[in-house]
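>>> build me a structure from this.
(chains A and B)
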Number of protein chains: 2
Amino acid sequence: MAEVVTTKLEVRRAVEAARAAGKSIGFVPTMGALHAGHQTLLQRAAENGFVVLSIFVNPTQFGPSEDFLSYPRNLEADRSLAEQAGAHLIFAPAAEEVYAETHSTWVEEEAMTEGLCGARRPGHFRGVATVCLKFFNIVRPDRAYFGLKDYQQFKVVQRTVRDLDLQLEVIGVATHREADGLAMSSRNAYLSAEARQWALAIPRALQQAREIVERGERSPRTVTDLIRAELVAEGKLKVEYIEIVDAETLELVVPLVGQVLIAVAVYCGDARLIDNVLVECRPEA
Amino acid sequence: MAEVVTTKLEVRRAVEAARAAGKSIGFVPTMGALHAGHQTLLQRAAENGFVVLSIFVNPTQFGPSEDFLSYPRNLEADRSLAEQAGAHLIFAPAAEEVYAETHSTWVEEEAMTEGLCGARRPGHFRGVATVCLKFFNIVRPDRAYFGLKDYQQFKVVQRTVRDLDLQLEVIGVATHREADGLAMSSRNAYLSAEARQWALAIPRALQQAREIVERGERSPRTVTDLIRAELVAEGKLKVEYIEIVDAETLELVVPLVGQVLIAVAVYCGDARLIDNVLVECRPEA
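So this is what the prediction gives:
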């Protein structure tokens, strides 16, 4: 039975006890509304003797016009799913426990946050990096696990951990997809049955993009045009961005070379959805 | 004999060994050019079983027109002084060991850095907070010691540690002064014998300010006017700022109430010198 705690002190005590028992610590930070993608992260985290899951809808990573208030919250369902997937401790704090009233310190990563979601959600990655640093300092894990659907988040956190000399490994875990290809996301809960069908254009477009790059296409413009055409074909989706960047630096690559990330953000019904694929541009192609 | 190491890995290993031997870890971060003030910090840090001193002239906390290149450096003298004062390990890394070539993450404290030196040295406290966070993560001390001459630095670091949930105590140690009142500072090395005499107006002015506040003066304007008159009396010093702020929040206080910090920055010969006094505004005064 996974214990649910709400204070930093309880987390520290539980983690210290696990460490004293010789266990390594795995950490999966989430905003709750857990789905099979989170379960994959937890199962991977089971390579540690003690697995901590945090559930915290972090206010500082939402913009003023974003969905902080409507973001799905369901601690009881989350608890059950987390237990099935092997979490030992669930940290579900209130915002007041996480942030002092006079909180005034921010962690800012300035290279990886220029494009993609960083360009469209000012302050978002500042909130993400800050809350991750805080939670890493509370939990002091050996390894932390992030889904690659949020690839930019993964890279920003990894860079932050390196630059600030934290002693933990940041591990990216492949995107978990539904049978029809849609990337798992808590925000899929916003989709009507109809919008759920429209959203399938996203993995379809990314799959087509991957194929032409693997067949040798090296013009990012040609690839993004193909993606855009697929996304807007039914007239239901609104494209926020389509970008192709170096998978390591997140800088634009023209022409395509090395490992690239093809990433999109799309408005679909009431949801803003993101997805991506990693593609290797083989020299011989 | 204090060991001098230059890599993060050596620090981690030495600290881990000390911790495994049941010792607590005290940490004194410095830019070298050690003087009796630093020795006071080291002696205080001896309340821990293992004392780490870092010597690193941190490039990211100097502005483009500041004294990074001319800042005094003398590792052999520092080593001898540190040993006398009880340091067990000296961490003296090169800049390349501290910062990756692609370093892109910064720690920014936004409330404590508005006034005083923060207003005059853009980016300074960002550099300080970032390097302190890095060193805290490398050394993982139980306690870190800062001189109160750099009071704003002490408060910024203390706030950063609180806000990012680091598990260490940040301890401020009273300013060490020469017999004639001048606050110890590595930058005093820039002073000619003549300028060294001019600089005595600084502790004299602060002492006078303390006295009139203790006798009941509550107008910051009256107090700063008195300080300014004393500083410029000989026509040798150039005042950068004179500010009176709440000792806890570093916000301006009008009229004076509670514990206040009276702080000055002055150009004297080739040096920019700072100093301050803490004064309690007693209600009955």
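
>>> which positions in chain A make contact with chain B?
Along chain A, the residues adjacent to chain B under the rule C-beta under 8 Å from any C-beta of the partner chain are A:8, A:12, A:100, A:102-112, A:129-130, A:133-135, A:137-138, A:159-160, A:162-167. Yep, even glycine has a C-beta here, placed from its N, CA and C like the rest.

>>> from residue A:142, how far out is residue A:21?
Distance, residue A:21 to residue A:142, by C-beta to C-beta, to the nearest Å: 14 Å.

>>> which of these two has more residues huddled nearby?
A direct count of neighbours by other C-beta atoms under 10 Å in any protein chain shown for residue A:21 and residue A:142 places residue A:142 higher, at 18 against 9.

>>> identify the residue nearest the more buried one in space, chain neighbours excluded?
Nearest in space to residue A:142, with sequence neighbours left out and distances taken as C-beta to C-beta, 6 or more residues apart in numbering or on different chains, is residue A:24 at 4.5 Å.

>>> the one you found: how many residues sit nearby?
Residue A:24: 14 neighbours (other C-beta under 10 Å).

>>> could you do residue A:180 as well?
Look at residue A:180: counted by other C-beta under 10 Å, it has 11 neighbours.

>>> with residue A:47 instead?
13.

>>> what does residue A:232 give?
Here the number of neighbours of residue A:232 (other C-beta under 10 Å) works out to 15.

>>> residue contacts, it?
Residue A:232 makes contact with residue A:239 under the criterion C-beta atoms under 8 Å, 6 or more residues apart in numbering or on different chains.

>>> now residue A:134
A:98, B:163-165 are the contacts of residue A:134 under C-beta under 8 Å, 6+ apart.

>>> just to revisit the earlier point, in strands only, show me the residues of chain A next to chain B.
With DSSP state E as the criterion, strands contain A:105-109 from among those.

>>> where exactly do the strands run in chain A?
Listed in chain order, the strands found in chain A under DSSP E are A:3-5, A:25-30, A:50-55, A:89-91, A:105-109, A:143-147, A:169-173, A:237-246, A:258-268, A:271-281.

>>> between those, which one is closest to residue B:236.
For residue B:236, the closest of the strands of chain A is strand A:105-109, at 39.0 Å, according to C-beta to C-beta.

>>> quick one: the closest one to chain centroid distance?
18 Å (C-alpha atoms, centre = their mean, to the nearest Å).

>>> what does it contact?
Contacts for strand A:105-109 (C-beta under 8 Å, 6+ apart): A:125-126, A:129-130, A:133, A:156, A:159-160, A:163-164, B:104-110, B:129, B:159-160, B:163-164.

>>> just the buried residues of these.
A:125-126, A:129-130, A:133, A:156, A:159-160, A:163-164, B:104-109, B:129, B:159-160, B:163-164 (16 or more other C-beta atoms under 10 Å in any protein chain shown).

>>> in stretch A:113-132, which residues are buried?
Those would be A:113, A:115-118, A:121, A:123-132, for stretch A:113-132 by 16+ other C-beta under 10 Å.

>>> kindly report the same for stretch A:180-193.
Neighbour-count burial for stretch A:180-193 flags A:182-188, A:190-191 (criterion: 16+ other C-beta under 10 Å).
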